[in-house]
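>>> Build me a structure from this.
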Amino acid sequence: MLRTRVLGQAERQPAKPVLTASLDLAARLPRLILEARRVSASVHGIHGRRRAGPGETFWQYRPLVTGESSSRIDWRRSARDGHLFVREREWEASHAIWLWIDRSSSMGFSSSLAMASKVDRALVAGFALAETLVDGGERVGHLGLTRAMASRRIVEQLAQAILVDAKGADLDLPPDGPLPRLADAIMITDGLSPAASLAKRIATMASSGARGHVLLIADPIEETFPFTGQAELFDLEDGLSLRVGDAGSWGVEYRQRLEAHRDAIREACRKAGWTLTLHRTDRPASEGVLRIASLIATSRGSGGGR
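This next block holds a predicted model:
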């Protein structure tokens, strides 16, 4: 029998890092980090180009990350809402690679056909890419959460930032705003936001000329809709549900709508000059990671004069 389950908010993103349940993100992180390191070890060929400069152009405010010097804190911005923020200039962000990992409600979905939930696969892929890219000399950060770093502890630092990010589980789109012109983005998501909203966000991020790669995570039953008989369908983002008497008759139209949705995302990526890679959770994580790492290596190798 086909089975599905959904990870709740505490499992996708606990507000406090407590190890009270085996499925809490905090409890799963050590396993996910180990898996990411195994995947990273199997990926080779990324060669970075570190550059620095005395840029003065403001880019963004982001939360202070554990271990950062207090000298980086922007006290005026921090005083507005009681949280500590760092002011980043564009030179710190240019030439860096910026991850964004979707941890919204729909990412908690998993079926018995999958090797992992979508959010676990997204985290493994993101961590593995970060370690691979840093090993190749790149600086990597998570949009809205961390600065771009070339730290050997990049995976632990990303994991810590995600663990304490209480707002991340409610966001199905990356931060709004253009990326620095010389940056690259990796967006890891199931793409189940409204296609128009996702397309608009991609266009905004790419408006400076920044390159990007979308890794679209899908559970196998989201691709095939193998249900028959009576079924109850749930919208994990909005909390809506729908009972149908003959699920099998919905399959053809569902697949057509899914393909139309994907086509809209593909077109948005094409217009932005970004790539789109579909990765199913019944396949090894290494396949998606290798694909994105290869695309980055190719684009950076061919864009040396950028």
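>>> In the stretch 1-150 of the chain, where is pLDDT below threshold?
Along the stretch 1-150 of the chain, the model assigns pLDDT under 70 to residues 1-23, 44-59, 67, 88-94.
>>> Strands along that one, start to end?
Here the stretch 1-150 of the chain has its strands, by DSSP state E, counting those that start in this stretch, at 4-6, 58-63, 85-89, 97-101, 109-111, 140-142.
>>> closest one to residue 34 among these?
strand 97-101 (17.6 Å; Cβ to Cβ). C-beta here means a position set from N, CA and C on the backbone, and glycine is covered the same way.
>>> List of residues touching that closest one?
122-123, 126, 129-130, 133, 138-144, 148, 158, 162, 174-175, 179, 183-189, 296 (Cβ atoms under 8 Å, 6 or more residues apart in numbering).
>>> quick one: the strand of greatest length in the chain to strand 97-101, angle?
Longest strand in the chain, counting residues (DSSP state E): strand 211-218. Inter-element angle recorded for strand 211-218 and strand 97-101: 20 degrees (by axes from the mean of the first three to the mean of the last three Cα atoms, to 10 degrees).
>>> Next secondary structure after strand 211-218?
helix 220-224 (DSSP states H and E).
>>> where does the next helix or strand after that following helix sit relative to the chain's centre, distance-wise?
Using DSSP H and E, the helix or strand that directly follows helix 220-224 along the chain is strand 231-234. When distances are taken as Cα atoms, centre = their mean, to the nearest Å, strand 231-234 is centred 27 Å away from the chain's centroid.
>>> which element follows strand 231-234 toward the C-terminus?
Of the helices and strands lying after strand 231-234 in sequence (DSSP H and E), the nearest is strand 241-244.
>>> Any chance you could list what contacts that next one?
230, 231, 232, 233, 234, 235, 250.
>>> What about the residue nearest to the fifth one when sequence neighbours are not counted, how many residues nearby?
Translated: residue 234. Distances taken as Cβ to Cβ, 6 or more residues apart in numbering place residue 241 nearest to residue 234, at 5.0 Å, with adjacent residues excluded. Residue 241: 9 surrounding residues under other Cβ atoms under 10 Å.
>>> What distance do you get for residue 241 to residue 232?
Remark: distance between residue 241 and residue 232 (Cβ to Cβ, to the nearest Å) = 6 Å.
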